[in-house]
Every structure is written in C-alpha cells, then in structure tokens.
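Engineer: sequence first, then the predicted structure, then my questions.
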Amino acid sequence: MATEAAEQRRLAAVVESWLGRGVLVVGDAMLDEWRFAESDRLCREAPAPVLTLRRRLTAAGGAANTAVNLTALGGRAALVAPVGADVAGDELHDCLDRAGVWDRTISQPGRPTPVKRRLLAADQILLREDEGDADETLPEEGVHRLLSALDRATEELRADRDGEAPTLVVCDYGLGALPEPVRGWLVRNRGRFATVALDAHDLAYWRGLAPTVVTPSFAEATRLLNRPVEPDNRPSPTSAVAGTRISVSADGTTTATRGNAGPGHSTVGADAAAGDGEGAGSSGDGSPPAGTGPGRDDDGPAGGDGITVTGDEIGVAGDDIVVAGDERASGAGRPVTDGGASRAVLAQARLAELRERTGADVVAVTLDTEGAVVGGADGRSRRSHATPVPASYAVGAGDAYLAAMTLALAADAPLPTAAQLAQLAATTTVSDTGTCVCFRDDLLGALGAPRDDQPEVVLDHHGLVGLVERRRGEGRSIVFTNGCFDVLHRGHVRYLDQARRLGDLLVVAVNSDESVRRIKGTDRPVNPVEDRVALLAALGCVDHVVVFEEDSPTALIEALRPDVYVKGGDYPPEMVPEAPLVRSLGGQVRTLGYVPDRSTSAIIDRIRSHGDDRRVPVDGPVAGDGSAAGADGRGAAAGGGETAPARTQPA
C-alpha cells in the first residue's frame, strides 16, 4: 500500500510539474458537431429509422481539440491554424475561448472550416458527414499570414515563460493547413522548440522535423512501413525484420534481439538481401520451402518449444515471440484483422524501424481499444491497455493521449511514466458520448492523488461564484438549471443527466422551502430543502448544488453567467422567462422534454390517494390455501377463516 501511494505521488508530481508549460499547436483545426436524435419507427419510403432531433452539441476537433486537452491538463496552449470565416468557424472560436486556449488562428474567407458532423440515436453513431478536404488549399496570402502567426505565437509563448523554449505539437490530418512552406518553416525552426510532438496521417512528409515523439495509429504506421525505403532513410540493422525474437518480461516490456536463421527461415539484417533480393530459404515465388511450418522441430529460431517460423507467420513459444517477414500475419498463422490482438505484437516488432524512418526519439503506436505500444531509444517497448467502450465515447481520446504524452515528455518525465500518464488520460475521458477532453483534476483523481481544491458539492452563493470562475478559467463550460426537485424521480434523473452532457460542469439551484410554498402552495414541499439537496448532491451527474430564496433564479444567473441554461418542458427556448437574460450574458438556452407520466405532482397524488390502510371485506369464501379473491379483483389473506386487512396498490 505504501509503495502504491508513493507511485501515485510520483505520477501526480509529474502532472504538477507541467502546469503552465507553453505549447504551440499547429495543424488542421476542425469543428465536431454532435446531433442527438430519437427514433421509434421506420419511414414508409425505405427501411430506415425516422429521427427526431433532440439536441445539438459542438466541440473543438482535430488540432483544436489537442489544444483544448493541453489547456485542460494544465498547459498553456496557443493554436495556429486556418479557420473559415463562416458559422462553423465562429462556433470553433467560441469553443476555444471557453476552453481558455490562446486563439491565434487566422481567418481565411472562402475556405470552409472543416466539420465532422455525427448523427446519433441511443448513443449509436448512425452516420458521419464531413465538410472540408485537402482540396481546400491555402492561397499564398493565407500561407504568409500563417507563417507570421507561427512566429509571433512562438515568441509570445517564450516570453510568457521567461525565455523558456516552448513545446511544439504538429497535427497533420491532410486537410491542407500545412502546405510545403509551412512544413519547411517548422523544420527550419526546429531549434526554437525544446520538445516536438507529431501526429500525422502521412509520416513520410515529416522525417526532417526530427520529432521527440510521434503517435501514429496502427494503420498510419503500416502505411509508412509499406513505403519504399529512401536511400537516406534506410532502416538500421537492428530494425525488427524476419527472424527477430521479442522477449516479453513480466512487466509487459519487450526486448528485440536477432534470431538464428536455420533451414526454412529468412536471415536477419543486411545479409537477408542477396543477389535478386530474395532472402535465404525463399523458394523464389514467395512461398516457404517444403517441409517447414509451425510446429516443425529443427534448429531454427525456436522459442521454448522449438516452434519453426516460416516466411509468412509469427511463432509464439513461452514468453518469446519470433517475428517473420510479413507483418500481415499473426501468431499460429492466424491472419490479422482490424482490432486483432496481434497488432500489438506487430507494432512491438517494428518499433525500431518506425523510429528510424520517422527520426523520432519515441514512437507510440496507438491501437484504439487495445491501448498503445511505446518504444524509445533503449530498444524496449512498453505496452499499455485500454478499456473497450462504444465508438461514440472514444472520439478525440487520441488527442488526450497526445496532449498528456507531450506534456510529460516536455517535463522530462521518464518514458514509462509518460506512457502511463498518456494512456490514463485517454482512458479517463471515454466515459460518455462526445469529443473527449481530459482535465487535470480528473487525471489527478484517476491517480488517486489528493487535489488541493477538492470542491464541495453543496455551496453557498459566494463560494459557488468563486468556484465557477476558477473552473471557467480552466476551460470548463458551465451548465445551470433550477427547480424545486421536491420528490426526486426518474424524470428528474434523466433530465439532469441530459443537462450534464451539455457542458463540463452542472450546477443545480434548488428553491428554498419558503420559495416552494410561495410557488406551489402551503402543502409543499413534501421534503425539506436539506433532504432535497442531499439527494441531488448524491447524483453523479450533478457537480454542485446551491439553495436560493427568491422565486426566480435571475440573481444567480447574473452572478454565474452560465454557458448553457437548461429548463424542462416541451416548449421552445424563446418561451423561457430567463432566456433574454441568459443570451445577453453570452449563454445558450436549452429545453429538455420530461419523461412522460413522471412528475412530482402525479407521484404525490398517487401517494395521497392510495396511502391509507383500509379494511376491505372479503367478497367470497376463503380459499383452502389461505387466500381469497373477490369479484372486483381485490384479495384478502386468511388463516383459519379470519379476514385480514388488504392494501390497495399504487397504479
């Protein structure tokens, strides 16, 4: 236990050490749009669901979400990217402002802001519509302004940290934000940045950058490995090729060493290429020699059980994995499929070559729900694992991984620590539908480390205003709602859960007992304010609860300036009395429908109409088994012919 606590403190110290670190983010910024719908029938024209749109959310995406995650984790991120002069661009600017990102984007009229629009029903993504592609190239004037913005932002970040060199994060998703002149500027100015992280769909363009860390997906890494090797980018003899043995230690790390090439095995290193380019043991048509295959006992690079590895398979024996020349095959000859577990083995086998081809000190191959494989200059690989979640929960988790990995390496954390924090940041974010953002407090909470400003759930007005301002400064968006919440029921819980999904922090204002009496009548509330507050505070979707004495929450709205104000009801937001005030303060108004037939008044009426115990006469003879049923369906228990009181049940 003491060792575990010490480890938690060590990891938390790294998170604290990167606080305020300057990071320049450049690349393809986009807007994520989420449209949540409900469906209860199929249309007549086709076997397709009829969808009713219930709510819409927007969030920063791509390079913009990486900047948001860097800020949320405690860094100081400045984003330089082209953004269209359109509605989507305006919404993206709002997202950056709310998150506290230094918005150093350039407006580019005529070039639409890239948008990824997802339509969901019951948390299932039904379709995605993308706007913006690589054809939307920057004009010469836009490139010039982008280069000027890069130079200014770099010096701005340096000045903010008293001359300390900032960190650079490049996010190249092929949408045209990083044309050749911009890539050239970044390569030439590499020395102005202490740490450089690269996330690119095509890594081949970036080897001259000499990044500290690259974070390709498995597909991106495979594309790079499948490209012809350039003369100045030839893999070193230590690259994992045919016959390489990967020894797996107890802690999950691996070490790659060369195996011995026996009959039927490809030789290793430069000697593997002979004359016509075919390796030793090849039959010329790419097929393995006759008589070789898994399970053959010969003197090849056997594992603990003497497994023979052919040219298109990987053998696993004990704790050793022997990798043959084709990365498209897995252990025991099973082909690799998308999401197959063998991807981790293949990534481990090629880490050295990936480092060589990218020029990076660290390569982190991300494997979606399978976690990641990370390798550094020491030749060892580190394997991290993730918890499988629905696809709609994991959008942007890679941005959180990249942000935490970058900040940890910039803070000079050891690679195993950086890999652990990066995976934890990604895993922490995938608890709900939406674009993933990992906050520093949430990461510390996942570590089990105590937080200096652990917030209370129930607060007074003054304490709540101060806390909301701090959270807004951290980039969190504030959702506010109010009500009596007299008898908490299913409708309330669903309503509050939906409200929480509209932002990062849900504040619930509860009417005092006197206020409820003025609004509902002298027989309300049924439950005193202390009980109502305690139940609300126990809900996981509620972050903070406050009590107000007035009949209207306008004073609280003015003090808190919520980003989103939520009311329950099936009516347009324009009918909400507080709507003009909320909008004048820069907020949005949302109305959420109630669960049908679920209301406090209905519950109280049922309790009052059925709550009294009444003696009911038996309408028929007592049955032999001790029960009787009358003609009206009411039952009476009986023993030895005696009648017993019957209780009518709630509807």
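Structural biologist: Ah, there it is.

Engineer: restrict the one helix or strand residue 408 maps to to CA atoms and write it as CSV.
Structural biologist: Counting by DSSP states H and E, the element that carries residue 408 is helix 397-410. As requested, the backbone C-alpha atoms of helix 397-410 are provided in CSV (Å, rounded to 0.1, in the frame of the first residue of the first chain):
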residue,chain,number,x,y,z
ALA,A,397,-9.3,10.2,-27.0
GLY,A,398,-6.2,10.1,-29.1
ASP,A,399,-5.9,13.9,-28.7
ALA,A,400,-6.0,13.5,-24.9
TYR,A,401,-3.3,10.8,-25.3
LEU,A,402,-1.1,13.1,-27.4
ALA,A,403,-1.6,16.0,-25.0
ALA,A,404,-0.6,14.1,-21.9
MET,A,405,2.3,12.3,-23.6
THR,A,406,3.7,15.6,-24.9
LEU,A,407,3.4,17.5,-21.6
ALA,A,408,5.0,14.6,-19.7
LEU,A,409,8.0,14.4,-22.1
ALA,A,410,8.3,18.2,-22.0
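
Engineer: now for the nearest residue to residue 224 once chain neighbours are set aside: which residues touch it?
Structural biologist: The spatially closest residue to residue 224, leaving aside those adjacent along the chain, is residue 203, at 4.8 Å (Cβ to Cβ, 6 or more residues apart in numbering). C-betas here are computed from N, CA, C, even on glycine. With contacts taken as Cβ atoms under 8 Å, 6 or more residues apart in numbering, residue 203 has the following neighbours: 214, 216, 220, 221, 224, 357, 358.

Engineer: pLDDT score for the second one?
Structural biologist: At residue 216, the predicted lDDT confidence score is 94.

Engineer: the stretch 101-250 of the chain: helices as residue ranges?
Structural biologist: 140-160, 180-188, 218-226 (DSSP state H, counting those that start in this stretch).

Engineer: packing partners of whichever helix or strand residue 382 is part of?
Structural biologist: Following DSSP H and E, one finds residue 382 within strand 380-384. Identification of packing neighbours for strand 380-384 by 3 or more Cβ pairs under 8 Å, 6 or more residues apart in numbering; DSSP states H and E yields strand 254-258, helix 342-358, strand 372-375, helix 415-429.

Engineer: that strand pairs with which strands, and in what direction?
Structural biologist: Strands adjacent to strand 380-384 in the sheet, as given by DSSP bridges, are strand 254-258 (antiparallel), strand 372-375 (antiparallel).

Engineer: just give me the lowest mean pLDDT stretch among those.
Structural biologist: Between the strands paired with strand 380-384, the lowest average pLDDT goes to strand 254-258, which shows a mean of 48.

Engineer: low-confidence ranges, the stretch 501-650 of the chain, go.
Structural biologist: With pLDDT under 70 as the threshold, the stretch 501-650 of the chain has low-confidence stretches at 570-571, 593-650.

Engineer: try 90
Structural biologist: Across the stretch 501-650 of the chain, the ranges flagged by pLDDT under 90 are 501-505, 519-532, 534-535, 537-541, 551, 567-577, 586, 590-650.

Engineer: can you show me the helices along it?
Structural biologist: Assigned helices in the stretch 501-650 of the chain, in chain order: 513-520, 529-537, 554-560, 579-584, 600-610 (criterion: DSSP H, counting those that start in this stretch).

Engineer: which of these sits closest to residue 468?
Structural biologist: helix 554-560 (5.3 Å; Cβ to Cβ).

Engineer: show me the contact partners of the closest one.
Structural biologist: Contacts for helix 554-560 (Cβ under 8 Å, 6+ apart): 461, 464-465, 468, 478, 480, 482, 507, 509, 546, 548, 565, 578, 581-582, 585.

Engineer: switch the cut-off to 6 Å
Structural biologist: Applying Cβ atoms under 6 Å, 6 or more residues apart in numbering, the contact partners of helix 554-560 are 465, 468, 480, 509, 548, 581.

Engineer: list the contacts of the last one.
Structural biologist: Counting by Cβ under 6 Å, 6+ apart, residue 581 makes contact with 554, 557.

Engineer: cool, the second one as well?
Structural biologist: Taking Cβ under 6 Å, 6+ apart as the contact definition, residue 468 lies against 478, 560.

Engineer: what about it, helix or strand, and which?
Structural biologist: Using DSSP H and E, residue 468 falls within helix 461-473.

Engineer: buried residues in that helix?
Structural biologist: Using 16 or more other Cβ atoms under 10 Å as the burial criterion, the residues of helix 461-473 that qualify are 464, 467, 468, 471, 472.

Engineer: can you redo the residues you listed as CSV with distance to residue 397?
Structural biologist: Below are the buried residues of helix 461-473 laid out as CSV (distance: Cβ to Cβ, whole Å):
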residue, distance to residue 397
464, 31
467, 27
468, 27
471, 22
472, 24
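
Engineer: okay, now residue 490: neighbour count?
Structural biologist: Residues contacting residue 490 under the criterion other Cβ atoms under 10 Å number 11.

Engineer: report the two of the contacts of residue 203 separated the most.
Structural biologist: Within the contacts of residue 203, two members stand farthest from each other by Cβ to Cβ: 220 and 357, at 11.8 Å.

Engineer: which one of these two is surrounded by more residues?
Structural biologist: For the pair residue 220 and residue 357, the greater number of neighbours falls to residue 357 (24 against 18), based on other Cβ under 10 Å.

Engineer: contact partners for residue 415?
Structural biologist: With Cβ under 6 Å, 6+ apart, residue 415 has these contacts: residue 376.

Engineer: try residue 544
Structural biologist: Residue 544 makes contact with 457, 459, 507, according to Cβ under 6 Å, 6+ apart.

Engineer: which one of the buried residues of helix 461-473 sits closest to residue 409?
Structural biologist: Looking at these and their distance to residue 409, the nearest is residue 471, at 27.5 Å (Cβ to Cβ).

Engineer: distance of the closest one relative to residue 481?
Structural biologist: When Cβ to Cβ, to the nearest Å is applied, the distance between residue 471 and residue 481 equals 16 Å.

Engineer: residue 488 now?
Structural biologist: Looking at residue 488 against residue 481, where the rule is Cβ to Cβ, the gap reads 14 Å.

Engineer: tell me which of the two has more neighbours.
Structural biologist: Comparing residue 488 with residue 481 by other Cβ under 10 Å, the one with more neighbours is residue 481, at 24 against 18.

Engineer: sheet partners, orientation included, of the one helix or strand the more buried one maps to?
Structural biologist: Mapping residue 481 onto the secondary structure by DSSP H and E places it in strand 478-483. Here strand 478-483 is paired, per DSSP bridges, with strand 505-511 (parallel), strand 564-568 (parallel).

Engineer: so can I have a markdown table of those showing distance to residue 207 and mean neighbour count?
Structural biologist: Rendered in a markdown table, the data for the strands paired with strand 478-483 read as follows (distance: least, Cβ to Cβ, whole Å; neighbours: other Cβ atoms under 10 Å):
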| stretch | distance to residue 207 | mean neighbour count |
| --- | --- | --- |
| strand 505-511 | 43 | 24 |
| strand 564-568 | 45 | 22 |
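
Engineer: adding distance to residue 10, write the helices of the stretch 501-650 of the chain out as JSON lines.
Structural biologist: Rendered in JSON lines, the data for those read as follows (distance: least, Cβ to Cβ, whole Å):
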{"stretch": "helix 513-520", "distance to residue 10": "49"}
{"stretch": "helix 529-537", "distance to residue 10": "33"}
{"stretch": "helix 554-560", "distance to residue 10": "37"}
{"stretch": "helix 579-584", "distance to residue 10": "45"}
{"stretch": "helix 600-610", "distance to residue 10": "50"}
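
Engineer: which residues touch the nearest residue to residue 404 once chain neighbours are set aside?
Structural biologist: Across the structure, with Cβ to Cβ, 6+ apart as the measure, the residue nearest residue 404 apart from its sequence neighbours is residue 425 (3.6 Å). When contacts are counted by Cβ under 6 Å, 6+ apart, residue 425 is found next to 400, 404, 438, 443.
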